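Q: This is a predicted model, with the sequence first.
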Amino acid sequence: MSTTDFVVHNPVEDLLRQDRVPTIWCPGCGIGTTVNSFAHALLGQDIDLSKTAIVSGIGCSGRVSGYMNLDSFHTTHGRAIPFATGLKLANPELTVIVYSGDGDLTSIGGNHLIHAARRNIDLMVVCVNNMIYAMTGGQAAATTPGSSMSTTTPYGAFEPELNMPQLVDAAGACFVARWTSFHVMQLERTMAKALKKKGLRFIEILSPCPTYFQRKNNLGDALTAMVDYKKRSKIKHGCHTWETALEPGGDIIVGEFVDREREDYLTRMRRQLGSHYSEFPEQTEEEISEGACSEC
Amino acid sequence: MLKEIRIAGFGGQGVILSAHIVGRAVSIHQGGYATMTQNYGPEARGGAASAALMVSDQPVLFPYVTHPDILVVLSQEAYTRYAPEMKSDGVLLVEEDLVRLENLPPQARVYGIPATRIAEELGKKMVLNVVMVGFFCAITKAVDREACLKAVSDSVPERFRKLNTEAFDRGFQFGEELLLKGPAKEEQTVGVGAVESDD
Amino acid sequence: MHADQRCVLTGTHFINGDAACCEGALSAGARFAAGYPITPSTEIVERFSARAPQVGGLFIQMEDELASSIALQGMVWAGQKSFTVTSGPGYSLMMEHIGYAAITETPCVFVDVQRGGPSTGLPTLPAQGDMMQARWGSHGDYLTIALTPNSPQECYSLTIKAFNLAEQFRVPVMFMMDECVGHMTEKVVIPKAEEIEIYPRRLASKPPGEFNLFEAGEDLVPEMAHAGEGYKVYVTGLTHDKRGYPVLNPKAQHELVTRQFEKIRRAADELTIVETEEIEGADVVVVSYGITSRVAQRAIQMARDKGLKVGKLRLICVWPFPEKLIRELAPKVKALVMPELNMGQMVLELERCAGGKCQVISVPHAGGTVHKPADILAAIERGAR
Ligand SMILES: Cc1ncc(C[n+]2csc(CCOP(=O)(O)OP(=O)(O)O)c2C)c(N)n1
Ligand code: SF4
Ligand SMILES: [Mg+2]
């Protein structure tokens, strides 16, 4: 017997495009870890994976869509959410996940995030927050913590950082959570829960970028980051999102902050439009061929 | 034959709808061609409203009215602004209670109607524009009465159809009676047929 | 395939070009649209937002044109026909996504009701100043198809054509209206559904596993599969191979870009969509498009009344530019006269194609209104000398 016979099939592999590995991600990058939690969360669902689409913008995190063995859409920088909005509205049967970076979703695409939350579009949005523009080589982002080094803040950042959960909560998302890439199990459970909800669900994941953020700021390697996340994290489910601001060296508040019921976009649209909205059943084969007959 | 028409007044008088009715009558019910344009933006703010129609039995090419053959004005402002653009022998229709005629183009033929008052008599001031359309139809003959009536009924909601048809008829009648008397300025009275002639 | 009669408002209407464009889109099978209000295009989506829900569709007013120009592509990949509608400033914001539609071969329609520019310019007055932007606006190398209607009737019929071409070639099609045609009201005849030819989406003919989303056959246009059909499509704005997978090297770039160019270039004859009148034996041919063609027609008549031999060439499809036609025409005439509501955009193409074989006279106009026919006449007379 060859040894391969003993290799246990990892079900997560079916969810990845095997023909695309290895990934572009650096050793120690946290993005892959988040994908692992995501894949496990997806496996535990009873959703039809052939009707599940994943949409990303541009960035290291934006490459996630392309590694998933789902309908994958790698769009433009910042515009994953509006693309996903169109996709979902035009085919409500789809489960649509947006997976992208902090720069992509909150900076160049920040406006779309606000409005998707306001509309409560039925999307699950996963934001990998490595606190930097990694893909382009380590520039400051709206999430870069005070006085951190980046290639465009050579003397330390001096812009205040964005508190994503608070923003998305205020805008109306029905589910808001944050974990770090250290919290793999919790993240999986939260993702599984979020996948079952309807409306805009937002999950922020703090994730190390050893190549740029950690290195520029002398924060050590990925392992150091994990230790740091473990030490600084405080789980506070249901806490007010104004308490979740991130401060350099301060507590990292994690958990599920918002979990509320709110009518999603399409439900509300149908309720509002009432009889002005009519279903549009696909024409039957007969009807279509009848049409064809009138031609001859 | 191409005719340039402008209808102008202030917002709320239904100026645009009246032009729409005439255009519709010509192009749908009479088999002719009409191109309607209207002012948008800053010009259309501040209460002024104006619509222009090119009407012809041939497809219309140049879309904009520059020198109207027929000018319909429902406000003093519209009169002041557009009267100077009129063709020198053009026909001017005015809401006579709202427009004072000054510096009239020398050969213009003028016909007035108290459209607002007639509309009020009918119980709805709103229909003054349709009274005006009836009047326009009778005086200028730029569009068939039947076609115009049809356009009136398909431009208004069912429950206002009767009222609007009445409004049209009142305007039309007023016009026909006036025609017997001739244009307002005695000295320049020209046979109304001239409006129709190919010139 | 024919139009779905449930979406077609058969009859004779007196409506403006914007409304006609909306009806054209519905007749073409578009039930979804994304947009952001901007004069003079807004009436299209205002009407669409009332009409679409009646046939199970919807209009979503996005937060800006960046969003609407990509949301519509999401709608397409969900299996729908979709379009967006804008004017100058919004069109500028959409440019990145026109490139995205080009490289991902997303069949869709961008309607630009042109107004005076640059910047906020003349929001409610006409211009034809975005003609070059329609061709070159997004970065990188790609080709688009652009149509220019000159009446509300054509805003209806050419919108259908725009959707059909988008499906046929899997490209974004630019529908270049202008404020004048958008806002003018005229007779629009909408035929019966069975008289409207619809080019259906070219759907995957192979099952998942055997199908490649960007593998093209003879005509270089690949078939399409949507999200949710089991194909696990991979769509990216990066240079990609036939599976859609990113491949970032010169060879992949060459193959992708040349195929995407070639699929349109090859169809040059089919895409030469023009209207001509008396160009045989003409001394001067007036070349125009959109609303300007109607004003030019008046000038042409004035010139003919004066005994000049003047022909008319109206471009209905402006991109790709009818290169062959102009190359053949130029040596036979004294001059080509081109009035346009811009400072001279398409005339650059005309000059290029005329290749010095005849005079090319531009009649520029910064926009805000149409030309005076007399100005075009003067250019015709100059060319005839
Ligand atoms: C319109 C536009 N501007 C800029 C870029 C360059 N760009 C690519 S990725 C990126 C930042 C990505 O940052 P983030 O979303 O945080 O992703 P990360 O790489 O950190 O995972 C930028 C600025 C682009 N692709 N498009
Ligand atoms: S640059 Fe940073 S974020 Fe990007 S793959 Fe490398 S470690 Fe990950
Ligand atoms: Mg980042």
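A: In hand now; what should we look at? Ligands and ions are numbered 1, 2, ... in the order given.

Q: Identify the residues contacting the closest residue to C:D64 other than its chain neighbours.
A: Spatial nearest neighbour of C:D64, chain neighbours left out: C:Y36 (5.6 Å); criterion: C-beta to C-beta, 6 or more residues apart in numbering or on different chains. C-betas here are computed from N, CA, C, even on glycine. By C-beta atoms under 8 Å, 6 or more residues apart in numbering or on different chains, the contact set of C:Y36 is C:61-65, C:67-68, C:86, C:90.

Q: Could you point out which residue ranges in chain B have low pLDDT?
A: Applying pLDDT under 70 to chain B flags residues B:41-46, B:185-199.

Q: and if you look at the stretch 101-250 of chain C?
A: Along the stretch 101-250 of chain C, no part satisfies pLDDT under 70.

Q: Tell me the residues on it that lie near chain B, please.
A: Within the stretch 101-250 of chain C, the positions near chain B by C-beta under 8 Å from any C-beta of the partner chain are C:123-125, C:179-180, C:183-187.

Q: at 7 Å instead, please
A: C:123-124, C:180, C:183-187 (C-beta under 7 Å from any C-beta of the partner chain).

Q: Would you state the strands of the chain in chain order?
A: Since no chain was named, I'll use chain A. Applying DSSP state E to chain A gives strands spanning A:52-56, A:71-74, A:95-101, A:124-129, A:175-180, A:201-206, A:233-235, A:252-259.

Q: ah, no, chain B please
A: B:3-10, B:33-38, B:48-56, B:70-73, B:91-95, B:109-113.

Q: for the shortest one, packing partners?
A: It stands for strand B:70-73. strand B:3-10, helix B:76-82, strand B:91-95, helix B:128-140 (3 or more C-beta pairs under 7 Å, 6 or more residues apart in numbering or on different chains; DSSP states H and E).

Q: Run through the neighbouring helices and strands of the third one.
A: Packed against strand B:91-95, as judged by 3+ C-beta pairs under 7 Å, 6+ apart, are the following elements: strand B:70-73, strand B:109-113, helix B:128-140.

Q: can we see that at 10 Å?
A: strand B:3-10, strand B:70-73, helix B:76-82, strand B:109-113, helix B:115-121, helix B:128-140 (3 or more C-beta pairs under 10 Å, 6 or more residues apart in numbering or on different chains; DSSP states H and E).

Q: can you tell if the longest one touches chain C?
A: Yep, that's helix B:128-140 we're talking about. No: judged by C-beta under 10 Å from any C-beta of the partner chain, helix B:128-140 makes no contact with chain C; its nearest approach is 14.2 Å.

Q: Check the spacing between B:S18 and B:A115 real quick.
A: B:S18 is 10 Å from B:A115, where distance means C-beta to C-beta, to the nearest Å.

Q: Tabulate the residues of the stretch 101-250 of chain C next to chain B in a markdown table, adding columns for distance to ligand 1 and neighbour count.
A: Formatted as a markdown table, these follow (distance: C-beta to the nearest ligand atom, whole Å; neighbours: other C-beta atoms under 10 Å in any protein chain shown):
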| residue | distance to ligand 1 | neighbour count |
| --- | --- | --- |
| C:P123 | 26 | 18 |
| C:T124 | 31 | 18 |
| C:C180 | 34 | 30 |
| C:H183 | 33 | 25 |
| C:M184 | 37 | 26 |
| C:T185 | 40 | 27 |
| C:E186 | 41 | 26 |
| C:K187 | 44 | 23 |
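
Q: quick one: which of those sit in helices?
A: Assigned to helices by DSSP state H, the following of those qualify: C:180, C:183.

Q: For C:R6, list the residues it contacts.
A: A:278, A:280-281, A:283, C:26, C:31, C:54-56, C:193 (C-beta atoms under 10 Å, 6 or more residues apart in numbering or on different chains).

Q: Could you verify my assumption that B:D169 touches B:V127?
A: No: the criterion here is C-beta atoms under 10 Å, and B:D169 misses it with B:V127 at 11.2 Å.

Q: what is the mean pLDDT for stretch C:337-350?
A: Stretch C:337-350 shows a mean pLDDT of 98.

Q: quick one: that stretch to chain centroid distance?
A: On the basis of C-alpha atoms, centre = their mean, to the nearest Å, stretch C:337-350 sits 17 Å off its chain's mean C-alpha point.

Q: Equivalent analysis for stretch C:228-235, please.
A: That offset, for stretch C:228-235, works out to 29 Å (C-alpha atoms, centre = their mean).

Q: and it with chain A, contact?
A: Yes: Stretch C:228-235 lies within reach of chain A by C-beta under 10 Å from any C-beta, at C:228-235.

Q: Distance check, the residue lying farthest from the centre of chain B against B:Q13.
A: Relative to the centre of chain B, the most outlying C-alpha is that of B:R159, 24.3 Å out, by C-alpha atoms, centre = their mean. Distance, B:R159 to B:Q13, by C-beta to C-beta: 21 Å.

Q: got it, and C:V113?
A: Taking C-beta to C-beta, one finds C:V113 at 28 Å from B:Q13.

Q: Pick out whichever of these two has more residues nearby.
A: Set C:V113 next to B:Q13 and count neighbours by other C-beta atoms under 10 Å in any protein chain shown: C:V113 wins out with 32 against 26.

Q: Distance of A:A157 relative to A:A142?
A: 10 Å.

Q: Highest mean neighbour count out of the helices and strands packed on strand B:70-73?
A: When the helices and strands packed on strand B:70-73 are scored by mean count of other C-beta atoms under 10 Å in any protein chain shown, the highest mean neighbour count falls to helix B:128-140 (a mean of 28).

Q: got the angle between it and strand B:3-10?
A: Relative orientation of helix B:128-140 and strand B:3-10, computed by axes from the mean of the first three to the mean of the last three C-alpha atoms, to 10 degrees: 150 degrees.

Q: okay, helix B:128-140 in PDB with CA atoms only?
A: This file holds the C-alpha atoms of helix B:128-140, laid out as PDB (Å, rounded to 0.1, in the frame of the first residue of the first chain):
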ATOM      1  CA  LEU B 128     -57.300  76.800 -19.100                       C
ATOM      2  CA  ASN B 129     -54.600  75.200 -21.300                       C
ATOM      3  CA  VAL B 130     -57.200  73.000 -23.000                       C
ATOM      4  CA  VAL B 131     -59.400  76.000 -23.600                       C
ATOM      5  CA  MET B 132     -56.400  77.500 -25.200                       C
ATOM      6  CA  VAL B 133     -55.800  74.400 -27.300                       C
ATOM      7  CA  GLY B 134     -59.400  74.600 -28.600                       C
ATOM      8  CA  PHE B 135     -59.000  78.200 -29.400                       C
ATOM      9  CA  PHE B 136     -55.700  77.500 -31.100                       C
ATOM     10  CA  CYS B 137     -57.300  74.800 -33.200                       C
ATOM     11  CA  ALA B 138     -60.200  77.000 -34.300                       C
ATOM     12  CA  ILE B 139     -58.100  80.100 -35.200                       C
ATOM     13  CA  THR B 140     -54.900  78.600 -36.700                       C
END
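
Q: Tell me the gap between that helix and the middle of its chain.
A: Worked out by C-alpha atoms, centre = their mean, helix B:128-140 lies 6 Å from the chain centre.

Q: Can you give me the end-to-end span of stretch C:212-230?
A: This stretch, stretch C:212-230, spans 13 Å end to end (C-alpha to C-alpha, to the nearest Å).

Q: got the buried residues for that stretch?
A: Across stretch C:212-230, burial judged by 16 or more other C-beta atoms under 10 Å in any protein chain shown covers C:212-214, C:216, C:220-230.

Q: Against B:N164, how distant is the residue in chain B positioned nearest to chain A?
A: Going by C-beta to the nearest C-beta, chain A is nearest to B:P157 of chain B, at 17.5 Å. From B:P157 over to B:N164 the distance is 9 Å, taken as C-beta to C-beta.
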